[in-house]
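# my questions are about this predicted structure, shown below with the sequence.
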Amino acid sequence: MEFPTHILLAYGYLLLFAWVLIGQSNLPLPATPILLAAGALTAEHELSFPLALAAGVLATTVADSAWFLVGRRYGHHVLRILCKLSMEPTVCVRRTQDSFGRRRQATLLIAKFVPGLATLAPPVAGQNGMAYGEFLLFDGLGVTAWVGSLLALGRLFGDVLGRDPRLLDWAGRFSGALLILGIAGFVVARIVRRRMVLRELAAARLEPEELKRQLDAGEPVYIVDLRHPLELLPDPFTLPGALLFSPDSLAHRHHEIPRDRDIVLFCTCPSEATAAKTAMTLIKLGIERVRPLRGGYDEWKRLGFPLDQVQMKPVALQTIQTL
């Protein structure tokens, strides 16, 4: 299997442009393998390094410009969608916004080299009102450095292969398999990182007894009840001081959540699934002190700890009855 070398030779810069464009549109098709392969072909003069660089830069700039305009028009809505699509819990919207606010030009220069930041930087730039000309200049410089680095690395590898024909033949035979393995490894690595965050959240679960001690001691705790309104009809009670939010509305109003105290989330689903998923969303949005409550509402109630009655507004009741 001799892909992508032979296909690159057949379709050349058009394939390079299309592949990179799709990859930079945040679809699961990483651009790194095709750029490395193109760089290796420039060592054999099968492709032109300047033309390959131009194709890669143009494709990336087109994709980034589209995300810039989408971010300018739809703001935080598109950022929330990107958070859900991106499996990068290590780079969040709030940190990207903070970094962009302090040094926006420098952020664009290095964005392509940082996982997660590469996805969020263009729409954040649009959301923050950056002039398109300024964005195009600094994003273009960063994109050129990124594409050029990968092509140069591929060319270096191609030079090494050219010195030993046996290595070149081996690379040609197995390049397709290596490409598939590379893509699979890329996806698996992101899934593993996501699961690591989930395990950390499971380890960070707050015991009901500990929360009770914090409340008795008067410590500031931000408690969020994630239950559906229908669950409140037969049992209209909640934890002391808890605020009622749906997971989506909580993420939408994340700027209202304090950063100087524990954020305790609870629900009634098995293994606190809703609380854990919502906690991951909040972590991506820059809220780090998030702790799902072990056992949720049911465990708190089973232990006989105090509860506050939920005052159901007439409008809310009418809405629930129509569900």
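Nice, I can see it.

# give the buried residues for stretch 251-268.
Ala251, His254, Ile257, Asp262, Ile263, Val264, Leu265, Phe266, Cys267, Thr268 (16 or more other CB atoms under 10 Å). Bear in mind the C-beta positions are built from the backbone N, C-alpha and C, glycine included.

# ugh, wrong one, stretch 215-233
Going by 16+ other CB under 10 Å, stretch 215-233 has these buried residues: Leu215, Val221, Tyr222, Ile223, Val224, Asp225, Leu226, Arg227, Pro229, Leu232.

# pick out the most distant pair among the buried residues of stretch 251-268.
Based on CB to CB, the longest span within these runs between His254 and Thr268 and measures 22.8 Å.

# I'd like the buried residues of stretch 251-268 as TSV, with distance to Trp300 and pLDDT appended.
Formatted as TSV, these follow (distance: CB to CB, whole Å; pLDDT from 0 to 100):
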residue	distance to Trp300	pLDDT
Ala251	24	79
His254	24	81
Ile257	21	89
Asp262	15	89
Ile263	16	92
Val264	10	93
Leu265	13	92
Phe266	7	92
Cys267	11	86
Thr268	10	79
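
# can you redo those residues as CSV with secondary structure?
As requested, these are exported to CSV (DSSP: H, G, I helix; E, B strand; the rest coil):
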residue, secondary structure
Ala251, helix
His254, helix
Ile257, coil
Asp262, strand
Ile263, strand
Val264, strand
Leu265, strand
Phe266, strand
Cys267, coil
Thr268, coil
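
# let's have the residues you listed in JSON lines, adding distance to Gln309.
Below are these laid out as JSON lines (distance: CB to CB, whole Å):
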{"residue": "Ala251", "distance to Gln309": "27"}
{"residue": "His254", "distance to Gln309": "27"}
{"residue": "Ile257", "distance to Gln309": "24"}
{"residue": "Asp262", "distance to Gln309": "24"}
{"residue": "Ile263", "distance to Gln309": "23"}
{"residue": "Val264", "distance to Gln309": "19"}
{"residue": "Leu265", "distance to Gln309": "21"}
{"residue": "Phe266", "distance to Gln309": "17"}
{"residue": "Cys267", "distance to Gln309": "19"}
{"residue": "Thr268", "distance to Gln309": "17"}
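
# sorry, back to before: restricted to strands, list the buried residues of stretch 215-233.
Val221, Tyr222, Ile223, Val224, Asp225 (DSSP state E).

# so which residues of the stretch 201-323 of the chain form helices?
Along the stretch 201-323 of the chain, counting by DSSP state H, counting those that start in this stretch, helices occupy 208-216, 229-232, 247-252, 273-284, 296-302, 314-321.

# list the buried ones in the fifth one?
In terms of neighbour count (16+ other CB under 10 Å), helix 296-302 has its buried residues at Gly296, Tyr297, Glu299, Trp300, Lys301.

# residues contacting the last one?
Just to be clear, that refers to Lys301. Lys301 makes contact with Phe237, Leu307 under the criterion CB atoms under 8 Å, 6 or more residues apart in numbering.

# rerun at 10 Å
Neighbouring residues of Lys301 by CB atoms under 10 Å, 6 or more residues apart in numbering: Pro208, Asp235, Phe237, Thr238, Leu239, Thr268, Gly295, Leu307.

# filter the residues you listed down to just the buried residues.
For the contacts of Lys301, buried by 16+ other CB under 10 Å: Pro208, Thr238, Leu239, Thr268, Gly295, Leu307.

# my guess is Arg302 contacts Gly295, does it?
Yes: when contacts are counted by CB atoms under 10 Å, Arg302 is listed as touching Gly295 (7.6 Å).

# what is in contact with these two at once?
In contact with both Arg302 and Gly295: Pro208, using CB under 10 Å, 6+ apart.

# minimum pLDDT in the buried ones among the contacts of Lys301, which residue is that?
Taken together, the buried ones among the contacts of Lys301 show their lowest pLDDT at Thr268, with 79.

# list the beta-bridge partners for Tyr222.
On the basis of DSSP bridges, Tyr222 is bridged to Ile263.

# check contacts around it.
Neighbour list for Tyr222: 241-243, 256-265, 287, 289-290 [criterion: CB under 10 Å, 6+ apart].

# how near is it to Asp260?
Remark: distance between Tyr222 and Asp260 (CB to CB, to the nearest Å) = 9 Å.

# common neighbours of these two, please.
Both Tyr222 and Asp260 are in contact with Arg289, where contact means CB under 10 Å, 6+ apart.
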